[in-house]
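In: Structure of the sequence below:
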Amino acid sequence: MKTDALIDMLARDAGPAPRALAARRLSPAAIGGLLVSAWAAIAWFGAIPTAMFATPVPWTKMAYAAALALAAGWLTARLSRPAAPFAGPQRATALVVLAMAVIGAASLWSEPAGARMEALLGHSWSTCPWSVLALSLPALAASLWAARGLAPTRPRAAGFAAGLLAGSVGALGYSLSCPEASPAFVAVWYTLGIGLTGAVGAALGPRVLRW
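Out: A predicted model of the protein is given here:
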């Protein structure tokens, strides 16, 4: 069969390409990962007191994690498609992290000098990043599976972006159990846990995203 005839046969009645294919694959992965991470966080660590929801503390954590998940999801979608531009979502992801860093620095500056270290470290600084990483693993597996089906040509970068998405989802679930109150704690230790998940995704990307 000649090449032109083969192309014509494959294209016949193919119809338009599916719209929002990346969102349709990544959204269920993120939502499913969030449900698992939230359930696991509450089961392992217990839920924060209901009274905390009358304060900005949990809402700040959830807003940061949700905003970063949206930006990282956009970045993952772009990096998972061949030759798709990704400068916009890359900037958006960096801006979310930078905004949280500014909020954290401002909150730390407002603390009395003797209380700043306590606000930064809280009671769980040594375990928080690892808890976020552990709670992110289901979302990471689902996000890498979703990205694989989109034919990424930059597997390490796509794996890193999928890790950031999963880490943000894990941090969102963890926020339902985390009693720490300082935005500076969130800016440092939540971000570190999300970054660790991104590093795991980057390490796995070349292996699991090949096609």
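
In: State the number of residues packed around the nearest residue to S107 once chain neighbours are set aside.
Out: For S107, ignoring the flanking residues on the chain, the nearest one in space by CB to CB, 6 or more residues apart in numbering is P183 at 4.2 Å. Every residue, glycine included, has its C-beta placed from N, CA and C. Using other CB atoms under 10 Å, P183 is surrounded by 25 other residues.

In: Mind checking the pLDDT average for stretch 119-129?
Out: Averaged across stretch 119-129, the pLDDT comes to 96.

In: which residues does the residue nearest the centre of the chain contact?
Out: Nearest residue to the geometric centre of the chain (CA atoms, centre = their mean): L165, 2.2 Å. For L165, the contact set (CB atoms under 8 Å, 6 or more residues apart in numbering) comprises 26, 30, 69, 72-73, 75-76, 139, 143.

In: Quick one: the helices in this protein, in order.
Out: All helices of the chain, identified by DSSP state H, fall at 3-11, 21-45, 56-79, 87-110, 116-121, 128-148, 155-174, 183-185, 191-208.

In: out of those, deepest packed?
Out: Of all those, helix 155-174 has the most neighbours on average by mean count of other CB atoms under 10 Å, namely a mean of 30.

In: CA atoms only: put it into PDB for me.
Out: What follows is helix 155-174, C-alpha atoms only, in PDB (Å, rounded to 0.1, in the frame of the first residue of the first chain):
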ATOM      1  CA  PRO A 155       9.400  12.900  30.100                       C
ATOM      2  CA  ARG A 156      11.500  14.200  32.900                       C
ATOM      3  CA  ALA A 157       9.900  17.700  32.800                       C
ATOM      4  CA  ALA A 158       6.500  16.100  32.400                       C
ATOM      5  CA  GLY A 159       7.200  13.800  35.400                       C
ATOM      6  CA  PHE A 160       8.300  16.800  37.500                       C
ATOM      7  CA  ALA A 161       5.100  18.700  36.600                       C
ATOM      8  CA  ALA A 162       3.000  15.600  37.400                       C
ATOM      9  CA  GLY A 163       4.800  15.400  40.700                       C
ATOM     10  CA  LEU A 164       4.100  19.000  41.500                       C
ATOM     11  CA  LEU A 165       0.400  18.400  40.700                       C
ATOM     12  CA  ALA A 166       0.400  15.300  42.900                       C
ATOM     13  CA  GLY A 167       2.300  17.000  45.700                       C
ATOM     14  CA  SER A 168      -0.200  19.900  45.800                       C
ATOM     15  CA  VAL A 169      -3.000  17.400  45.900                       C
ATOM     16  CA  GLY A 170      -1.300  15.600  48.800                       C
ATOM     17  CA  ALA A 171      -0.700  18.900  50.600                       C
ATOM     18  CA  LEU A 172      -4.400  19.800  50.200                       C
ATOM     19  CA  GLY A 173      -5.400  16.500  51.800                       C
ATOM     20  CA  TYR A 174      -2.800  16.900  54.600                       C
END
